[in-house]
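>>> any chance you can model this:
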Amino acid sequence: MKTKPNALCTLLYPMPLAIELEIQPERAVVKFGLSRTVDIGVLCFPKVPTAGLLADDARRLIANSPPSPARTNHVRQLLMHISAVAASGSFRMPTLHDHYSRLSVFVRWADANRLADVLANETNARIGVRAYLDHMRDRVSRNDISLNAGAKQHNTVVQILGDFLEIDGLGWGLNLLRRDLKTGKATSTPSELAQGRLLSLCISLFHGLADFVLEKCQYPYSLPMPSYLNFPNDRLWVFPAVSWFKTPDMVKASIAHAGYDYEEGRLATIDELRVQYPLDRRTASVTRDKAKVKMDIANKDPFHSSRWQLASQAMNAYMVMFVADTAMNWAQVVSLKWSTNYDIVPSAQGFRSVKWRAGGKTVSFELPVSSLPAFKRYLVLRSYLLEGLTCDYLFFTSAKAKAPPRAILSNLNRVFPMLRRIDANLSKVLPRAWRAAKSDWLIRKSDISTASLLLQNSEATVRKHYASGSESLHHEEMSDFLTQVANKVLRPSEELEGATERAVGKCAGIGKPISIEPSPVVKPDCVRPEGCLFCDKLKVHADETDTKKLLSCRYVIAMVAPMTGSEEMFALMVQPAISRIDEIVSYIAAQDPEMVSRVTKEIDEDGELDPYWSAKADMLMTLGF
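Presented below is the predicted three-dimensional model:
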C-alpha cells in the first residue's frame, strides 16, 4: 500500500505548465525562469499560521496538517492562471515572481487575521484588500516601511488578485496608497574613476588570459596589468597552481609559493625554498621537482584544467565589459540565448546591432563599434570553453573543466572576490549602475531620445531612473562653471583694453559672441543685453557701476516675466537670465558684500536703476506693464 507523501515533499512546477500535467496543489512550488520560486502550496493550509515564515519553516509547520479542500481547489485554479499569464509573455519571469510572491504574502496575512478566503470570490477579496490597506497604512505611519513600499505591496495585490478573480476595479472606492515620486531617486552614475579602474582591470584580464589560452602560451606567463596598480613592470606572473597569481603584497605576506617564484616568473631554487620553509634539502628538491612536472604537463596540454580555469576567469571579466557596453540588466544577460549564425548591422551612429535567431525569435543587442573585436574574441574563447559541447546561452558556468555547461544562477557579485584579490580597493559597479553610466554618457553625447532607443526604455524612464550623472562629473562641471563666473568678474581697478561698454558690463570682443556652454539655454548675441550674459566675452568689474547694471537688468526682466504666459515659457526665457545674473552678483558679493547689499536695496526697494535700464522700465510702464 502506497503512503501519501506529506506536505514536506514539494513538487517544482516550471512556468508555464506542461500540457496535461497532473497537479498536486498542496505540494506546488512555482518556478519562474532559471531560479526564482514561490511556494504556492502552503496556501492550501489556511488554518496554519504561516504568515511571515520562510518557505522551509512554513513547510515544517504544516507537515502534519490536512489541506483545506476548498482552498486546494482555489490554489489549483491560481496555478492554472499563473501558467496562462506566463505563457502569454506579457511579463518577464522576474516580474511574475515579484507579483505572485506579493500575492502569497497577502493571502497568508489574511489567513493569519482570520479573514474569509480571499481567493474564493469577489466579496471576500474586497473585504481582504480593504483590511490590508488599513494594515499597510498602519505600518507606514509607524515607519515600519516606506510609503512607496506600502503602495507597491498593496497595489500589486489589488492588481493581481483582481486579474485572477476577473474583478474589474477591485480597488475602486478605496483611498489607495500613492507612491511619492519625489522620493524616487535616480540611480547614481558611478564615478569615472570607479568605472575606469574596473574596466581597465577587466580588459587586461580578458585579453591577457584569452591570449594565453587561445594562443597556447607557456607557463610561467606574464599577464599585463593596468598601470594604476603600480605592479613591477605592470604585470603578474601566472602559474598552474591554485593561487595562479600573487600580487606583490601577497608575496610579502605569504611564503606558500608551491615551488614558484611569483616575483621573477620562474621556478624557485632549492636554496630559496629552504629559506622560505623549514625544509631539508631533499624535501625542498622534491617540492621544486613537483612544481616543474606540473608546469611541464600544463604546457603540453592546451586543454589542461588550469588553462580552462583561466579561460573561465577571462569570461567573467568579459561579462563585466559586456554589461558596461550593452547596459543590459543581469536577468537579460544570463538568459541571453545564442546562435553561431549571427549578423552585425549598423544601428545608431557609433554602434552596431548584433542579431540572431533563437527559439524562433529574433534576438539582438547593441555594441559600440570599438567593442566588436572584444566580442568576437569572446566568441572564440566561448568555443574553447565548450570544447565541442553545445550551450543555448551566450554566457554559462560549470563546476569544472569539461563539465556540462549550465545557465548562470548567481549575480555579478560573484566576479568581484577574484578582482579584489588583485585590487583590494576596487569599487563594485553592478548592472544598474552601468546602465546609469551609459545613459549619462549617451545623454551628454547625444540626447534623451537616442539614449532611450539604445537602452530600450521610454524617455521618461531614462530621465527618471538613469539621468542623474556621476558625482565626480557634477563636481567637475560645477568647478568649470565657477571658473567661468570667476573669469567674468574683474577687480574694480583692473583695466580691460579695448572693451566696449554694454548694458550688463563690458564686452571684450564685440561682434564675436561665443557661448560659455556646449548647449546654451540662451544663445549669446551682440543685440540683446541678455545675450551678453551667456557669452564668453562678457566681463564685469566687481564695483558699484557694473553691479547696478546687472541688478537693474534683473529688475526689468522681472517686470516682463508676467507676459511670458506660462511656467514653461518662464523657465525657458526668463529664469535662465535671472539665474545667470544672480550667479555673477553672488561672486561679486563675496568680495564686497556691503556694496552689493546697498545697491540691491536701491534697485529693488527704491527703484534707482542704471540709466539705460531706467529708460527701459519707463517705456514698459508707458506700455502698461
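>>> run through who's touching the helix or strand in which Arg598 is found.
In the assignment (DSSP states H and E), Arg598 maps to helix 593-604. Outside helix 593-604, the residues that touch it by CB atoms under 8 Å, 6 or more residues apart in numbering are 543-544, 547-548, 551-552, 554-555, 585, 588-589, 608-609. Quick note: C-beta positions are derived from backbone N, CA and C, even for glycine.
>>> can you flag the buried ones in those residues?
Asp543, Glu544, Thr547, Lys548, Leu551, Ser552, Arg554, Tyr555, Val585, Ile588, Ala589, Leu609 (16 or more other CB atoms under 10 Å).
>>> all strands for the stretch 101-250 of the chain, in order.
221-224, 235-238 (DSSP state E, counting those that start in this stretch).
>>> ok, back up a step: nearest to Trp330 among the buried ones among the contacts of helix 593-604?
Set against Trp330, the nearest of these by CB to CB is Val585 (49.2 Å).
>>> rewinding a little: reformat the strands of the stretch 101-250 of the chain as CSV; add mean neighbour count and mean pLDDT.
Listed next are the strands of the stretch 101-250 of the chain as CSV, based on neighbours: other CB atoms under 10 Å; pLDDT from 0 to 100:
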stretch, mean neighbour count, mean pLDDT
strand 221-224, 19, 94
strand 235-238, 22, 93
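>>> format those strands as CSV; extra columns: distance to Tyr342.
Shown next, in CSV, are the strands of the stretch 101-250 of the chain (distance: least, CB to CB, whole Å):
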stretch, distance to Tyr342
strand 221-224, 30
strand 235-238, 32
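>>> and Met321, which of those strands is closest to it?
strand 221-224 (15.6 Å).
>>> which other residues reach the closest one?
Contacts to strand 221-224, defined as CB under 8 Å, 6+ apart, come from residues 204-205, 207-209, 212, 233-238, 245, 265.
>>> inside helices: which ones of those residues?
Mapping these onto helices (DSSP state H) picks out Ser204, Leu205, His207, Gly208, Leu209, Phe212.
>>> next one, pLDDT for Thr622 please.
Note on Thr622: pLDDT of 56.
>>> for the stretch 251-400 of the chain, which segments count as strands?
Here the stretch 251-400 of the chain has its strands, by DSSP E, counting those that start in this stretch, at 260-261, 266-267, 342-346, 351-358, 361-368.
>>> tell me which of those is the most buried.
Mean neighbour count (mean count of other CB atoms under 10 Å) peaks for strand 260-261 among those, with a mean of 23.
>>> paired strands for that one, with orientation please.
Using DSSP bridges, strand 260-261 pairs in its sheet with strand 266-267 (antiparallel).
>>> mind checking how far the partner strand is from the chain centre?
Here the centre of strand 266-267 is set off from its chain's centre by 43 Å, with CA atoms, centre = their mean, to the nearest Å.
>>> one more: stretch 594-606?
49 Å.
>>> how close does Ser383 sit to Ala131?
Noted for Ser383: a distance of 58 Å to Ala131, by CB to CB, to the nearest Å.
>>> now do the contacts for Asp261.
Applying CB under 8 Å, 6+ apart, one finds that Asp261 lies in contact with Trp237, Leu267, Ala268, Glu272.
>>> can you check Ser371 too?
Contacts of Ser371 by CB under 8 Å, 6+ apart are Met321, Asp325.
>>> ok, it to Tyr132 distance?
According to CB to CB, Ser371 stands 48 Å off from Tyr132.
>>> low pLDDT regions in the stretch 501-625 of the chain?
Low-confidence segments of the stretch 501-625 of the chain, defined by pLDDT under 70, span residues 501-505, 508-512, 514-531, 533-534, 560-574, 618-625.
>>> where do the strands sit along it?
All strands of the stretch 501-625 of the chain, identified by DSSP E, counting those that start in this stretch, fall at 505-507, 538-541.
>>> those: which one's closest to Lys152?
So among those, strand 538-541 is nearest, using CB to CB, at 49.9 Å.
>>> coming back round to it: quick one: which of the contacts of helix 593-604 is nearest to Leu176?
Each of those was scored against Leu176 by CB to CB, and Arg554 proved nearest at 45.3 Å.
>>> number of residues surrounding the nearest residue to the closest one once chain neighbours are set aside?
In this structure, Arg554 finds its nearest non-sequential neighbour in Ile581, 4.7 Å apart by CB to CB, 6 or more residues apart in numbering. Using other CB atoms under 10 Å, Ile581 has 21 neighbouring residues.
>>> Ile581 touches Cys553, doesn't it?
Yes. Contact criterion CB atoms under 8 Å: Ile581 and Cys553 qualify, at 6.3 Å.
>>> low-confidence regions, the stretch 351-500 of the chain specifically.
399-403, 435-500.
>>> show me the helices in it, by range?
Assigned by DSSP state H, counting those that start in this stretch, the helices in the stretch 351-500 of the chain fall at 372-386, 416-422, 431-445, 448-455, 459-465, 471-488.
>>> show me what the second one is in contact with.
With contact meaning CB under 8 Å, 6+ apart, helix 416-422 is reached by 198, 201-202, 205, 225, 229, 236, 245, 247, 250, 313, 316-317, 426, 428.
>>> domain assignment for the protein?
According to automatic domain parsing, the chain comprises the domains 11-182, 189-214+307-463, 217-301, 472-622.
>>> now the end-to-end length of the shortest one.
With CA to CA, to the nearest Å applied, domain 217-301 spans 11 Å between its terminal residues.
>>> make 361 the starting number, not 1.
All right, first residue 361 from here; so that's domain 577-661.
>>> pLDDT score for Gly533?
Looking at Gly533, the pLDDT reads 79.
>>> burial count for it?
Close neighbours of Gly533, defined as other CB under 10 Å, add up to 9.
>>> kindly report the same for the one 3 residues further on.
Neighbour count for Leu536, taken as other CB under 10 Å: 14.
>>> cool, thanks, talk later.
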